[in-house]
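J.: model the structure of this input:
(one chain, ligands or ions: 1)
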Amino acid sequence: MNTFDAVMICEGVEDATQEELIAAWQSLIDDGTVWTLQGSFGRQAKAMIEAGVCYSAQDTVHDSGMVYRSECCGASPHEASPDVGSDNLAGICGQCLDGTGFELGEEE
Ligand SMILES: [Zn+2]
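T.: Numbers count the residues shown, from 1 in each chain. Just a heads-up that it's a prediction; the model follows:
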């Protein structure tokens, strides 16, 4: 599915079955497009990930074996958090579901 078709389906412009709708959201989550679209897309994607309908494989462990911890409460990045990585220590807190910075710490 290309990005344009996926966006059309997610916006409800294009008719789709439930499976196609989920696949459309998943493809936008997979390539990160969903986080660059208007805010309602990101919120909807987050809600679908929380509901377990869609998933995002967020890497919470750094190459060094240290884990990412949010600055607000020390939680792992939320699975919907976009690209938390060694050169971008910012994302969504898995506890507060809010934007935050991250630091590397020992695994507990
Ligand atoms: Zn937090």
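
J.: longest strand of this protein?
T.: In terms of residue count, the longest strand belonging to the chain (DSSP state E) is strand 99-105.

J.: packing partners of that one?
T.: Packing contacts for strand 99-105, counted by 3 or more CB pairs under 8 Å, 6 or more residues apart in numbering; DSSP states H and E, involve strand 67-70, strand 90-92. Glycine gets a C-beta too; all of them are placed from N, C-alpha and C.

J.: for the ones you listed, which one ends up most surrounded?
T.: strand 67-70 (a mean of 22; mean count of other CB atoms under 10 Å).

J.: what sits up against that one?
T.: Here strand 67-70 makes contact (CB atoms under 8 Å, 6 or more residues apart in numbering) with 60-62, 75-77, 84, 89, 91, 93-96, 100-107.

J.: pull it out as CSV, backbone CA atoms only.
T.: Extracted C-alpha coordinates of strand 67-70, given in CSV (Å, rounded to 0.1, in the frame of the first residue of the first chain):
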residue,chain,number,x,y,z
VAL,A,67,17.8,1.6,28.5
TYR,A,68,16.1,4.8,27.7
ARG,A,69,14.4,6.5,30.7
SER,A,70,12.1,9.5,30.5
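
J.: now that strand: how far from the chain's centre is it?
T.: Counting by CA atoms, centre = their mean, to the nearest Å, strand 67-70 is centred 16 Å from the centre of its parent chain.

J.: for it, give the mean pLDDT please.
T.: Averaging pLDDT along strand 67-70 gives 86.

J.: now stretch 31-38
T.: 83.

J.: can you list the buried residues in it?
T.: For stretch 31-38, a neighbour-count test (16 or more other CB atoms under 10 Å) marks T33, V34, W35, L37 as buried.

J.: and what of stretch 11-20?
T.: Within stretch 11-20, the residues that count as buried by 16+ other CB under 10 Å are A16.
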